[in-house]
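> Sequence and predicted structure, then a few things I'm wondering about:
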Amino acid sequence: MHLLGPYQVLQSLSLRKNGLEIIEPGAFLGSTSLTLLSVADNDLSTNYSVTAAALWTLPALQELDLSGNQLTEAMMSTLVQHLSSLESLSMARNAIMRLDDSHFKNLPKLRRLDLHQNYIFEIETGAFEGMPGLQQLNLAYNYIPCIVEFDLVQLQVLNVSYNHIEWFFAAENDAVFELETLDLSHNQLLFFPLLPRLNKLQTLLLTHNKMNFYGNFSSHSDGSVQLIFLDGNVTNITTRELWEEKIHNNLSSLTFLDMSWNQLWYLPDSFFKGMVSLAILNISHNCLTTLRIQEKELLKTITDLDLSYNQLLDIQVNLGPEVSLPRLQRFNLNNNRLHGLPAKIFTHTKNLATINLSKNPIEICTPHEAGTSSCINIRNVVSIRNLFLAGCGLRELDKHFFQGTSLAHLDLSNNPRALLSGLRPLEDVAQSLQMLSVRETGLSGASTEMDFSGFQKLVELDLSKNSLTSFPESLTDLKLHTLDLRRNHLHSLPQDAMEKQLGKSLRVIYLSQNPYDCCKLRWWDALCNLGTVHVADMSQVTCNYSSRFISAANLPEYVLQNCRWLTPDMTLLYLVLAFPTCLALLVASAIIFLTFRQPILLMVKSRYRTSSPY
């Protein structure tokens with residue numbers, strides 16, 4: 001590498017992906033202002049000791065990126081041992097396997113350390129003591145089996161996702177940990193982590209683990225585990241309780257908790273105790289059958305609650321005049337076994353904007369049941385803007401089911417009986433709806449109410465998997481952006497549909513799996529020539545010709561020729577078909593006449609040979 005002497009005021013330099021194997025010791029002489037250096041994705045492991053000497057001549061260096069150089073822990077130690085000015089160091093994507101107290105010496109100012117995507121399987125006690133100012137540590141994508149006696153009190157962000165961690169135990173002391181974000185996702189955690197007694201934790205990510213609680217499985221279990229520590233010739237045995245209230249009783253700063261994709265069958269009664277700031281809670285993709293929330297503090301702060309993909313049969317929340325969910329905005333219950341919700345829940349959720357009840361066998365309230373049982377009644381719930389009821393097995397909807405609401409997004413798909421009588425149940429939300437999915441809801445050509453003229457704000461409409469035999473003319477006056485007509489019984493679309501308002505606004509359309517007539521595709525040509533509409537499933541759009549289905553986008557020439565005879569002038573076609581028949585009749589008549597000409601003449605003469613009697 002050439003000398004950088006002429007660049008004495010240079011502050012930032014990137015040499016990544018240059019195939020460098022060595023940096024000469026004098027390469028940076030005179031570059032006293034260089035604060036940021038990236039030599040990532042080279043081959044500096046070949047002559048790392050020589051390169052180290054070059055780096056040591058950078059007294060102002062604050063950020064160094066050595067990622068992707070196949071460096072071992074010993075090489076790393078040599079390269080950074082005299083860089084006391086460093087504040088940020090990236091050693092990602094290298095060949096580091098273990099860490100001890102000899103690898104990070106004399107780095108008092110280091111605040112950010114990135115070691116992700118290495119082969120680290122062991123971290124000895126005191127490995128990070130040489131970095132007293134360390135605030136952010138990234139150890140993701142390694143092979144760490146467990147973390148015990150975690151004592152980095154100054155650390156604010158710890159990412160150990162995508163490892164093989166089965167245990168996380170913080171040191172049992174009264175030190176105040178500065179930790180704000182802990183990412184333990186995508187590991188093998190068997191238990192909820194044992195966190196520091198005093199902490200400032202705000203974000204805790206535990207998704208994609210194997211966590212469960214075991215208090216309900218055995219009444220004889222004492223809920224404790226013994227840990228054996230081997231340090232040289234010294235053996236220490238420590239007993240830890242797997243679940244106690246005191247372990248997590250100071251999660252008062254926690255705002256985001258993600259425990260999705262685990263193996264949770266239940267939550268302890270006191271689990272949420274002390275979580276007085278929790279706003280986002282995700283427990284989706286678990287095995288919960290019942291959820292009981294008794295903590296008033298949690299109910300007051302929660303804004304996002306995701307309980308989807310469990311086996312919930314019951315949700316127990318003691319709502320009343322003094323207990324409500326005033327901040328809840330998004331509630332996801334998709335794919336459970338719920339028949340209803342706690343009675344009057346919507347009267348205690350004044351800010352609820354989105355609720356997903358899809359794939360639950362819910363019961364819709366009749367007018368006399370409203371407010372008295374756990375059935376679903378959303379009449380006059382003005383806050384809800386997004387409602388998902390797909391695949392709920394709904395019976396035919398009452399015409400005033402949505403009365404008093406202002407829905408913008410409604411999904412009724414996969415409810416074959418919901419709209420058997422047409423669109424009348426949607427009249428109360430027609431003026432507010434922007435996105436509507438009525439896929440497989442029983443709409444048919446026989447529907448008495450198929451008027452979309454009142455849906456003037458609609459921009460996305462899914463009509464797929466119904467039995468429509470004709471295109472609803474009222475759609476041509478809407479400003480739709482997306483329209484899905486797949487899997488109906490349509491033989492054609494109006495030829496002038498794209499000449500109206502629909503053609504000006506439409507951007508995406510789905511048309512496949514309809515029995516279009518190959519000789520009635522003028523609408524298709526008009527659509528393709530428009531140029532502004534993307535037919536998302538163009539390769540799957542087919543038409544019917546002589547009981548055969550052919551790609552509408554690639555009609556064979558013989559089909560086009562035959563269709564030309566059929567479509568331009570049917571009178572000419574009838575004349576062409578009738579001419580051979582008429583000619584055959586004429587010829588047959590002539591032959592008959594010529595064959596029987598003589599006998600006919602004789603018969604006539606014999607009949608009229610005698611004269612008249614008068």
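Sure thing, it's come through.

> Look up phi and psi at residue 168.
The phi and psi values for residue 168, taken as degrees, to the nearest 10, are phi -140, psi 110.

> Where does the prediction get shaky in this protein?
Residue ranges of the chain with pLDDT under 70: 1-7, 216-225, 227, 229-236, 238-249, 369-373, 446-449, 565-579, 593-594, 596-614.

> repeat that for 50
By pLDDT under 50, the low-scoring segments of the chain are 245-246, 612, 614.

> tally of neighbours for the closest residue to residue 21 other than its chain neighbours?
Excluding its sequence neighbours, the residue lying closest to residue 21 (CB to CB, 6 or more residues apart in numbering) is residue 46, at 4.3 Å. Where you see a C-beta, it was placed from the backbone N, CA and C, and this is true even at glycine. Residues lying near residue 46 (other CB atoms under 10 Å) number 13.

> same check, this time on the one 10 residues further on
When counting by other CB under 10 Å, one arrives at 16 neighbours for residue 56.

> Contact partners for it?
82-83 (CB atoms under 8 Å, 6 or more residues apart in numbering).

> Run through who's touching stretch 101-108.
Contacts for stretch 101-108 (CB under 8 Å, 6+ apart): 73, 76-77, 80-84, 86, 89, 110, 113, 124-133.

> Oh, that last question was meant for stretch 146-153, not what I typed.
Contacts of stretch 146-153 (CB under 8 Å, 6+ apart): 125, 128, 134, 137, 158, 160, 165-171, 173, 175-179, 196, 227, 229.

> Helix, strand, or coil at the residue nearest to residue 21?
On the three-state scheme (DSSP: H, G, I helix; E, B strand; the rest coil), residue 46 is labelled coil.

> Buried only: go through the contacts of stretch 101-108 for me.
Among the contacts of stretch 101-108, the ones that count as buried by 16 or more other CB atoms under 10 Å are 73, 76-77, 80-83, 86, 89, 110, 113, 127-128, 130-131.

> for the stretch 151-300 of the chain, what spans make up the helices?
Ranges of helices in the stretch 151-300 of the chain, per DSSP state H, counting those that start in this stretch, are 296-301.

> and what of the stretch 401-550 of the chain?
Using DSSP H, counting those that start in this stretch, helices in the stretch 401-550 of the chain cover 501-505, 522-530.

> Does residue 83 touch residue 64 like I think?
Yes - assessed by CB atoms under 8 Å, residue 83 is found in contact with residue 64 at 6.8 Å.

> overlap in contacts of those two?
Common neighbours of residue 83 and residue 64 (CB under 8 Å, 6+ apart) are residue 55.

> Find the nearest non-adjacent residue to residue 430, please.
residue 454 is the one closest to residue 430 (CB to CB, 6+ apart), at 4.0 Å.

> again but with residue 534, I slipped
Nearest one to residue 534, counting by CB to CB, 6+ apart, is residue 508 at 5.1 Å.

> separation between that neighbour and residue 470?
Counting by CB to CB, to the nearest Å, the gap from residue 508 to residue 470 is 22 Å.

> Run through the residues that contact residue 201.
So residue 201 contacts 177, 179-182, 195, 251, 253-254 (CB under 8 Å, 6+ apart).

> Among these, which one sits closest to residue 359?
Checking those against residue 359 by CB to CB gives residue 254 as the nearest, at 29.9 Å.

> Could you check how far the closest one is from residue 199?
Going from residue 254 to residue 199 by CB to CB gives 9 Å.

> just the strands in the stretch 451-600 of the chain please.
In the stretch 451-600 of the chain, the strands defined using DSSP state E, counting those that start in this stretch lie at 460-462, 482-484, 508-510, 516-517, 534-535, 542-545, 548-551.

> so can I have CSV of those strands showing distance to residue 440 and mean neighbour count?
Listed next are the strands of the stretch 451-600 of the chain as CSV, based on distance: least, CB to CB, whole Å; neighbours: other CB atoms under 10 Å:
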stretch, distance to residue 440, mean neighbour count
strand 460-462, 10, 20
strand 482-484, 11, 21
strand 508-510, 14, 20
strand 516-517, 20, 18
strand 534-535, 22, 15
strand 542-545, 21, 19
strand 548-551, 22, 13
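
> Show me what residue 226 bridges to in the sheet.
residue 239 (DSSP bridges).

> number of nearby residues for it?
8.

> my read: the residue nearest to residue 21 touches residue 22, true?
Yes - if you go by CB under 8 Å, residue 46 and residue 22 touch, sitting 6.7 Å apart.

> Secondary structure class of residue 51, three-state.
Three-state call for residue 51 (three-state DSSP): helix.

> For it, list the residues it contacts.
Contacts for residue 51 (CB under 8 Å, 6+ apart) come out as 22-23, 44, 79.

> Which of those residues fall within helices?
The helices, defined by DSSP state H, take in residue 79 from these.

> Neighbour count and distance to residue 539 added to the contacts of residue 51, as CSV?
CSV is the format used below for the contacts of residue 51 (neighbours: other CB atoms under 10 Å; distance: CB to CB, whole Å):
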residue, neighbour count, distance to residue 539
22, 17, 54
23, 22, 54
44, 26, 49
79, 26, 54
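
> Can you name the two of the contacts of residue 51 that sit furthest apart?
22 and 79, at 12.6 Å, using CB to CB across the contacts of residue 51.

> measure stretch 165-182 end to end?
The straight-line separation of the ends of stretch 165-182 (CA to CA, to the nearest Å) is 13 Å.

> What residues sit buried inside that stretch?
Neighbour counts over stretch 165-182 (16+ other CB under 10 Å) mark 165-170, 177-182 as buried.

> what's the closest of those to residue 337?
Nearest to residue 337 out of these is residue 166 (CB to CB; 31.1 Å).

> Would you check that my belief about that closest one contacting residue 190 is correct?
Yes - contact criterion CB under 8 Å: residue 166 and residue 190 qualify, at 5.4 Å.

> What does residue 24 show for phi and psi?
Dihedral angles (degrees, to the nearest 10) for residue 24: phi -60, psi 150.

> Surely it and residue 52 touch.
No - using CB under 8 Å, residue 24 is not in contact with residue 52; the gap is 11.8 Å.

> So for the two, which sits in the more crowded spot?
Shown here are residue 24 and residue 52; by other CB under 10 Å, residue 52 has more neighbours (21 against 15).

> for the more buried one, what are its contacts?
78-79, 81.

> And residue 454, by the same measure?
427, 430-431 are the contacts of residue 454 under CB under 8 Å, 6+ apart.

> Mind doing that once more with 10 Å?
Contact analysis of residue 454 by CB atoms under 10 Å, 6 or more residues apart in numbering lists 423, 426-427, 429-431, 433, 474.

> Report the separation between it and residue 424.
Going from residue 454 to residue 424 by CB to CB gives 11 Å.

> ok, back up a step: among the contacts of residue 201, find me the one that's closest to residue 96.
Ranked by distance to residue 96 (CB to CB), the contacts of residue 201 are led by residue 182 at 21.9 Å.

> hey, what's the closest one bridged with?
In beta-bridge terms (that is, DSSP bridges), residue 182 pairs with residue 158, residue 204.
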